[in-house]
Structure formats: structure tokens, C-alpha cells
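S.K.: give me coordinates for this.
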Amino acid sequence: NPRDMVEKDSILIVWGGADISPKFYNHAQSRTTYPGGARDEVEWALMHKAKELGIPIIGVCRGAQMLCALAGGFLLQDVRGHTAQHQILTHEGDVLRVNSIHHQMMAGLENVEHELLAWADERRSWQYVWKDDQVYTPPEGWVEPEFVYFPKVKGYAIQWHPEMMSKDIAATAFILDEITSRLGV
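M.R.: The predicted structure is shown next:
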């Protein structure tokens, strides 16, 4: 319950799951979007409360997408084929292997204060669907975001599922190092 959150709480983690409702980023719903219903409302309220209190938020997959909407971005509501392992590039120049189990993707970041910490190693020839079932044409130089920091909401958006990977792999160490160094812990 958002009313139970207090400033001394250390972090809010929002995990993966169903799609989030496009009403949170003011788009019409695609035919292939299946929102999480009551869960959407609860997690949206929790994120707003965490933002209000200055509590850092970690979003994984669905949680990352909701963080994107909270920060002012939007989602590509259907990206087909993101169901396998692939490589990402980090802002430090490392190449890491991650999993991919999603059909929605963060977008609209060019209009949002953010730090892109990792992205897919190459843009695939996926078809991106956004509002009103229209095909989305990414802006020049666009990359598929995999790990984004949203400073205004203290949000760490991780598109892949580190909880489904070994804790000893480089991608897990990378996100832990980024988050702990930014939080000063």
C-alpha cells in the first residue's frame, strides 16, 4: 500500500509481468497489449509515492517499462521476437550477454532526462508497434534501450531479467555496480 511507504524505506523494486496500460503514457491501446489490471494501479501508485519520497526504484522488464512511463517516455506496445538471449553494449564499452523475455520496449527517451547505461548491440529488424497499432519508425541513431537511469525519479530500468540469470555473470555485476555506485552504498 503506498500509504505504508515512508522516507526511511530504502528501495522499491517492481518486477516483470503483464503489459502496462498505455493510459499511463497517454496512448491508445494496441490489439496486442494485455494490461495488468489492478496490478497496474497499485504499482503506479507505489512508484508515484516512491518518487514523492525520493526512494530509489528498480524496475525489471515490466517495471522498467512502467518507470519509462513515469519519467515521461512511452512504450512500443509490441516488439516481436524478443524471446532469446542477446548481447548488449554498456556505456563503458563492454559487451555482455543477457536474456530477453518481453514484447514491449521503452521508447520516447529523446524527450526525457535519462542516462542510457546499456543498449542492444545492434538494432534488429523488428517491427515496432505503438499507438493505434501504427508501426513506429525510430528516430535517427535510436538504439534499443536495455538499462536506463532516470534521475528525476531515481529510477533504474532494467529490460532483461537478471533474476533469471546466474548471479555470477557479468551483466548482473554490471547492474549491481551501477546501482550501488550511484546510490553511494
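
S.K.: go through this protein and flag its longest helix.
M.R.: helix 38-53 (DSSP state H).

S.K.: now do the helix or strand just after it: everything it contacts.
M.R.: Per DSSP states H and E, helix 38-53 leads on to strand 57-60 as the next helix or strand towards the C-terminus. Strand 57-60 is contacted by residues 11-16, 47, 50-51, 63, 65-67, 153-158, 161-163, 179 when judged by CB atoms under 8 Å, 6 or more residues apart in numbering. C-betas here are computed from N, CA, C, even on glycine.

S.K.: could I get strand 57-60 in CSV with only the CA atoms?
M.R.: Output in CSV follows, covering the C-alpha atoms of strand 57-60 (Å, rounded to 0.1, in the frame of the first residue of the first chain):
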residue,chain,number,x,y,z
ILE,A,57,13.1,2.5,-7.8
ILE,A,58,14.4,-0.6,-9.6
GLY,A,59,12.2,-1.7,-12.4
VAL,A,60,12.7,-5.1,-14.1
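
S.K.: just the buried positions in stretch 127-135, please.
M.R.: Y128, V129, W130, K131 (16 or more other CB atoms under 10 Å).

S.K.: just the closest of these to W119, please.
M.R.: Y128 (14.6 Å; CB to CB).

S.K.: can you read off the pLDDT for the closest one?
M.R.: As predicted, Y128 sits at a pLDDT of 79.

S.K.: contacting residues for it?
M.R.: Contact partners of Y128, counting by CB under 8 Å, 6+ apart, are L76, D78, V79, M105, A107, V135, Y136, P138.

S.K.: quick check: beta-bridge partners of it?
M.R.: Judged by DSSP bridges, the bridge partners of Y128 are V79.

S.K.: now the most centrally placed residue in the chain: closest residue in space, sequence neighbours ignored.
M.R.: By CA atoms, centre = their mean, the chain has its centre lying nearest to A64, at 2.1 Å. Distances taken as CB to CB, 6 or more residues apart in numbering put A157 closest to A64, at 3.6 Å, once the chain neighbours are dropped.
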